[in-house]
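J.: just a sequence and a predicted model for now, questions to come.
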Amino acid sequence: MDKFTSHTGRALPLRRSNVDTDQIIPAVYLKRVTRTGFEDGLFAAWRNDPDFVANKPEYQGVSILVAGPDFGTGSSREHAVWALMDYGFKVVLSSRFADIFRGNSGKAGLLSVPVEQDVIEQLWAAIEADPATELTVDLEARTVTCGDLVAPFQIDDYTRYRLLNGLDDIGITLGNEADIAAYEARRPSWKPVTQGA
Amino acid sequence: MGKTLAEKVWDEHVVRSTEGEPDLLFIDLHLIHEGTSPQAFDGLRLAGRKVRRPDLTLATEDHNVPTLDWDKPIADPVSKTQVDTLRKNAAEFGVRLHPLGDIEQGIVHVVGPQLGLTQPGMTIVCGDSHTSTHGAFGSIAFGIGTSEVEHVLATQTLPQAKPKTMAVTVNGSLPEGVTAKDLVLTLIAHTGTGGGQGYIVEYRGQAIRELSMEGRMTVCNMSIEWGAKAGMIAPDETTFAYIEGKPEAPKGADWDAAVEHWRTLVTDDDATFDKEIVLDASTMTPFVTWGTNPGQGVALGANVPSPEDFSDPSDKLACENALDYMGLEAGQPMRSVKVDTVFVGSCTNGRIEDLRLAAEIIKGHKVAEGTRLLVVPGSVRVRLQAMEEGLDQVFIEAGAEWRGAGCSMCLGMNPDTLQPQERSASTSNRNFEGRQGKGGRTHLVSVPVAAATAVRGTLSSPADLVPAGV
């Protein structure tokens, strides 16, 4: 996983709440067996509409998504994160994220940043007034900056540490092999197994 | 101070706990399907890692599989690739797989409980958000993403920050004809899709205790639809009776030891929850969705809401968008909504009790002209049980399509999809835009409402039916 310290880029204002993972990537696009190549599925239904905000020329090449509340609800599909990243997004901002989506984004290296809805509204207004507006998301300082606006955000220390250092979760856990083996040794014998009982 | 059910189960699974880090939890059962696992196995292969505990891992094919011609090669080449990839991975890594055509094949959340692998006090994960279903047995069960699937395959553990706890107490009894599905849809309309976010929820109270295991699974299944990390119900005699005798249930002295432990899995009287919601079941009625998220629901007897009914600007906009997408007029009675397709199935309502209930209502009636009824059992076992009871004949005589087992039209990854603007009454769990097919319009309903709607062709409850043969 790549390290994430700070990112500056142009942003897409997505004025929608409850953007569920079926909207981010419909199920028919999930059938690949690789981790990349999902960009075509991103917002697939909406992108058929020429008026959809992401289709506008001024929003090509954006790398930050500014979305309404309850982003990433629904299905656990990590493809939603991959599709956003394959499209070019490095950061998603929303006032509220679904738990599984937020977990998945942290694993894959997409930064999901929770900020208050009034910050989202200010960002939407600024971006729509001038689509060339650049936002800076600083993970080290835990701030989102846009012109004079500096908004702090919360992220748990552990996820931040992993993202800042680009650390692989599995490697960290396997470092605790002795703890896992000790736990396995004390599990009750009547716990079910799927084979070899 | 006492502990909640969730805290007890959580604490029993902590492998390692360090200040400032998430707890490392041991995972008792890891369920796998073809949709979210290919990249996880690929990750293992790239890192030269093995599946640590194949004996705690079970795979089945459900998301992509056809419900017709399941004995022939899968026609869609991309679906076939996913299924073939799972078969190859299961063989390479030594994972037990129930493939299409196997008697234990079916939706992963139907298969676990019917095999007796889902038991109280476990930690159960799967790369599928409806893993919350298994919480009905008093387990902590939740959906995970593909990176986490890989993590569990490699380590049989998962780092998890401890969620807050919430109690949803449902007092009183559900009136006749009102089901677990109506209960949970009512709850979600009350909380909104984000109301459970960050919480493990324990459902309790008289109405919950009175539910069958199937009904409890329906409630826990939809925990994710209001954002909860997991939903749980404390195990009781209903739970033990359901598990006893299942193929993988403990036997003999193991059974006694297990039940003795399971009886301790209740919230202590002096335990406290971070949040509580109290509902009254006795006032509940058949409940359906009008919009494009599971929180946009009303009583079947009510009218389609208007954007003016909402004070929050984002709710108002969401209502406008939903009415436009759904092709509905504000103020129109829900009962006037004409439905093209009725889907009975899914991990929410595709178990034997659901099929029995649907058959009981539909018996002697015909599916309405211009409406199709698709009945998709949750598993091959459910299908065979239904056939043994003659339920398939009831459906076929009514003019329904009786299909093979799988996720099917719940998410339309296989050929069972809605056409643009086609409207469904669906016993599944999500009414998102395009969920059941691009442009498709979904109303989430209970099994009785689905069956009555199939007969009348408009959203209906069994009370609207003229008795068969009259």
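T.: Okay, I see it.
J.: where does residue A:22 land in three-state SS?
T.: Counting by DSSP: H, G, I helix; E, B strand; the rest coil, the backbone at residue A:22 sits in helix.
J.: burial check on it, number of neighbours?
T.: 24 (other Cβ atoms under 10 Å in any protein chain shown). All C-beta atoms are positioned from the backbone trio N, CA, C, and that covers glycine.
J.: repeat that for residue B:158.
T.: 25.
J.: contacts for the helix or strand where it lies next, please.
T.: Assigned by DSSP states H and E, residue B:158 belongs to strand B:157-160. Strand B:157-160 is contacted by residues A:158, A:169, A:172-173, A:180, B:15, B:21-27, B:125, B:144, B:148, B:151-152 when judged by Cβ atoms under 8 Å, 6 or more residues apart in numbering or on different chains.
J.: in it, which residues are buried?
T.: By 16 or more other Cβ atoms under 10 Å in any protein chain shown, the buried positions in strand B:157-160 come out as B:157-160.
J.: okay, now the unreliable bits of chain A?
T.: In the prediction, chain A carries no residues with pLDDT under 70.
J.: and with 80 instead?
T.: Chain A contains residues with pLDDT under 80 at A:1-2, A:197.
J.: wait, what's in contact with the residue most central in space within it?
T.: In chain A, the residue lying closest to the centroid (Cα atoms, centre = their mean) is residue A:105, at 3.9 Å. Shown in contact with residue A:105 (Cβ under 8 Å, 6+ apart): A:72, A:81, A:92, A:97, A:111-112.
J.: take these and keep only those in helices.
T.: residue A:81 (DSSP state H).
J.: where is the longest helix in the chain?
T.: By default, I'm working from chain A. helix A:117-129.
J.: was after chain B, sorry
T.: Chain B, longest helix under DSSP H: helix B:77-93.
J.: ok, the very next helix or strand once past it: who's next to it in the sheet?
T.: Next helix or strand after helix B:77-93 toward the C-terminus (DSSP H and E): strand B:96-98. Looking at strand B:96-98 with DSSP bridges, its partner strands are strand B:57-60 (parallel).
J.: could I get the CA-only coordinates of the partner strand as CSV?
T.: Extracted C-alpha coordinates of strand B:57-60, given in CSV (Å, rounded to 0.1, in the frame of the first residue of the first chain):
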residue,chain,number,x,y,z
THR,B,57,-13.8,-21.8,6.4
LEU,B,58,-16.7,-22.7,4.2
ALA,B,59,-17.4,-21.7,0.6
THR,B,60,-20.6,-21.8,-1.5
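J.: stretch B:460-470: how far from the chain's middle?
T.: Its chain's average C-alpha position is 28 Å from that of stretch B:460-470, according to Cα atoms, centre = their mean, to the nearest Å.
J.: and for the lowest-mean-pLDDT helix or strand in chain B, what are the contacting residues?
T.: One helix or strand of chain B scores below all others by mean pLDDT, DSSP states H and E: helix B:38-47, with a mean of 92. With Cβ under 8 Å, 6+ apart as the test, helix B:38-47 has contacts from A:32-35, A:78, A:170, B:50-51, B:82, B:85-86, B:89, B:92-93, B:127, B:146-147, B:149-150, B:153-154.
J.: what are the boundaries of the helices in the stretch 151-300 of chain B?
T.: Along the stretch 151-300 of chain B, counting by DSSP state H, counting those that start in this stretch, helices occupy B:180-191, B:206-209, B:213-221, B:237-243, B:253-262.
J.: residue B:307: which of these is closest?
T.: helix B:180-191 (16.4 Å; Cβ to Cβ).
J.: who are the packing partners of the closest one?
T.: Contacts defined by 3 or more Cβ pairs under 8 Å, 6 or more residues apart in numbering or on different chains; DSSP states H and E place helix B:180-191 against helix B:213-221, strand B:275-280, strand B:287-289, strand B:297-299.
J.: just put these in TSV and tack on mean pLDDT and mean neighbour count.
T.: Output for the helices and strands packed on helix B:180-191, formatted as TSV (pLDDT from 0 to 100; neighbours: other Cβ atoms under 10 Å in any protein chain shown):
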stretch	mean pLDDT	mean neighbour count
helix B:213-221	98	27
strand B:275-280	98	14
strand B:287-289	98	26
strand B:297-299	98	21
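J.: tell me which residues in stretch B:41-59 are buried?
T.: B:41-44, B:49, B:51-59.
J.: quick check: the farthest pair among those?
T.: Maximum distance among the buried residues of stretch B:41-59 (Cβ to Cβ): 22.3 Å, for B:42 and B:55.
J.: now a PyMOL select for only the buried ones of the contacts of strand B:157-160.
T.: Applied in PyMOL, the following selects the buried portion of the contacts of strand B:157-160 according to 16+ other Cβ under 10 Å:
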select buried, (chain A and resi 158+169+172+173+180) or (chain B and resi 15+22+23+24+25+26+27+125+144+148+151+152)
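J.: before we move on, the earlier item: as JSON lines, the helices and strands packed on helix B:180-191 with distance to residue B:315 would be great.
T.: Listed next are the helices and strands packed on helix B:180-191 as JSON lines, based on distance: least, Cβ to Cβ, whole Å:
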{"stretch": "helix B:213-221", "distance to residue B:315": "25"}
{"stretch": "strand B:275-280", "distance to residue B:315": "19"}
{"stretch": "strand B:287-289", "distance to residue B:315": "15"}
{"stretch": "strand B:297-299", "distance to residue B:315": "13"}
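J.: show me the contacts for the closest residue to chain A within the stretch 201-350 of chain B.
T.: Closest contact between the stretch 201-350 of chain B and chain A, by Cβ to the nearest Cβ, is at residue B:254 (3.8 Å). Going by Cβ under 8 Å, 6+ apart, residue B:254 touches A:189-190.
J.: give me every residue in the stretch 351-470 of chain B lying close to chain A.
T.: Contact residues (Cβ under 8 Å from any Cβ of the partner chain) of the stretch 351-470 of chain B with chain A: B:411-413, B:430, B:432-435, B:438-439.
J.: make it 6 Å
T.: For the stretch 351-470 of chain B, the residues in contact with chain A (Cβ under 6 Å from any Cβ of the partner chain) are B:411, B:413, B:432, B:434-435.
J.: partner strands of the longest strand anywhere in chain B, parallel or antiparallel?
T.: Taking DSSP state E as the criterion, chain B has its longest strand at strand B:164-171. In the sheet, strand B:164-171 lines up against strand B:199-204 (parallel), strand B:275-280 (parallel) (DSSP bridges).
J.: which residues of chain A fall in strands?
T.: Under DSSP E, chain A gives strands at A:6-14, A:64-67, A:91-94, A:111-114, A:134-138, A:143-146, A:149-152.
J.: can I get these in a markdown table including mean neighbour count and distance to chain B?
T.: Listed next are the strands of chain A as a markdown table, based on neighbours: other Cβ atoms under 10 Å in any protein chain shown; distance: least, Cβ to the nearest Cβ, whole Å:
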| stretch | mean neighbour count | distance to chain B |
| --- | --- | --- |
| strand A:6-14 | 19 | 12 |
| strand A:64-67 | 26 | 11 |
| strand A:91-94 | 26 | 11 |
| strand A:111-114 | 22 | 11 |
| strand A:134-138 | 19 | 21 |
| strand A:143-146 | 19 | 20 |
| strand A:149-152 | 14 | 19 |
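J.: is it possible to export the ones you listed to CSV including distance to residue B:444?
T.: Shown next, in CSV, are the strands of chain A (distance: least, Cβ to Cβ, whole Å):
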stretch, distance to residue B:444
strand A:6-14, 25
strand A:64-67, 24
strand A:91-94, 25
strand A:111-114, 27
strand A:134-138, 37
strand A:143-146, 36
strand A:149-152, 37
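J.: thinking again about what came up before, closest to residue B:70 out of the strands paired with strand B:164-171?
T.: When those are compared by Cβ to Cβ, strand B:199-204 sits nearest residue B:70, at 35.1 Å.
J.: quick check: angle from the closest one to helix B:180-191?
T.: Per axes from the mean of the first three to the mean of the last three Cα atoms, to 10 degrees, the angle that strand B:199-204 makes with helix B:180-191 is 130 degrees.
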